[in-house]
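Engineer: Take this sequence and fold it.
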Amino acid sequence: MTHAVAVALSGVWPFVVTNVDDFVLLTALFVTVGRGGPTNRQIVIGQYLGMGALVVVSLLAALGLSSVPERWIGLLGLVPIALGTRALLRVRRTAPDEVVAATVTGVAGVVMLTVADGADNVSVYIPLFRQAGAGATAAYMVVFAVLVGVWCTVARATAGRTSLIAVVERVGHWLVPVLYIGIGIRIIVVSGLLGG
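Structural biologist: Just a heads-up that it's a prediction; the model follows:
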């Protein structure tokens with residue numbers, strides 16, 4: 001496996017981990033097609049625009065941190081660790097995503113929903129981009145763009161299959177927080193914050 005392919009593939013798991021919740025929302029949005037919700041096309045365009053906005057914000061923040069020593073960027077790893085820990089400790093669940101999705105219409109609604117749901121994305125992407133360098137960050141952006149299309153395709157296929165959505169929600173409540181903690185630990189280790 002070439003280095004470029006390995007770098008590109010390393011962008012898959014941060015995208016997947018930060019977008020499990022988005023997948024459930026996307027699936028719920030596709031369920032509303034033809035029932036007063038956005039069209040398939042509006043969902044896909046809105047998802048690309050929303051994810052693009054999250055990536056741009058993360059990239060600008062990462063560039064703004066370019067003068068901060070690499071070692072101290074590791075402190076940003078505490079954010080996904082805190083998010084994961086909080087999610088593991090939280091006992092009550094939020095309102096079902098279908099209720100939220102039912103209020104969304106048009107491209108702008110999908111963009112706003114994607115961005116509003118993306119705070120966790122930004123918390124992971126900023127240190128990821130800052131540590132990766134220009135070449136790897138460009139590879140991540142290509143991978144993310146491809147995966148948004150995959151996410152939309154799979155969510156559309158999953159829409160209406162409530163048993164699959166239930167499995168994702170059930171597993172996601174404990175798996176995603178654990179993966180967030182893993183991402184945070186990786187950010188800290190890669191930064192050299194703990195010595196080295």
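
Engineer: next helix or strand past the lowest-mean-pLDDT helix or strand in the chain?
Structural biologist: Lowest mean confidence among the helices and strands of the chain (mean pLDDT, DSSP states H and E): helix 97-101, at a mean of 48. Next along the chain after helix 97-101, taking DSSP states H and E as the criterion, comes helix 106-116.

Engineer: So which elements touch the helix or strand following that next one?
Structural biologist: Next helix or strand after helix 106-116 toward the C-terminus (DSSP H and E): helix 119-158. In this structure, helix 119-158 packs against helix 3-9, helix 12-18, helix 20-31, helix 40-64, helix 70-73, helix 78-89, helix 162-191, with contacts taken as 3 or more C-beta pairs under 8 Å, 6 or more residues apart in numbering; DSSP states H and E. For every residue, glycine as well, the C-beta is placed using N, CA and C.

Engineer: could you dump the first one to PDB, C-alpha only?
Structural biologist: Same thing as helix 3-9. This file holds the C-alpha atoms of helix 3-9, laid out as PDB (Å, rounded to 0.1, in the frame of the first residue of the first chain):
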ATOM      1  CA  HIS A   3       1.900   6.200   1.500                       C
ATOM      2  CA  ALA A   4      -0.700   8.300  -0.300                       C
ATOM      3  CA  VAL A   5      -3.300   5.500  -0.100                       C
ATOM      4  CA  ALA A   6      -2.500   4.900   3.600                       C
ATOM      5  CA  VAL A   7      -2.900   8.700   4.300                       C
ATOM      6  CA  ALA A   8      -6.200   8.800   2.400                       C
ATOM      7  CA  LEU A   9      -7.600   5.700   4.200                       C
END
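
Engineer: Can you tell me what sits against it?
Structural biologist: The contact list for helix 3-9 (C-beta atoms under 8 Å, 6 or more residues apart in numbering) reads 1, 132, 135-136, 139-140, 142-143.

Engineer: ranking these by neighbours, who comes first?
Structural biologist: Comparing the contacts of helix 3-9 by number of neighbours (other C-beta atoms under 10 Å), Y140 comes first, having 24 neighbours.

Engineer: A134: how many residues sit nearby?
Structural biologist: Neighbours of A134 using other C-beta under 10 Å come to 8.

Engineer: so who does it touch?
Structural biologist: No residues are in contact with A134 under the rule C-beta under 8 Å, 6+ apart.
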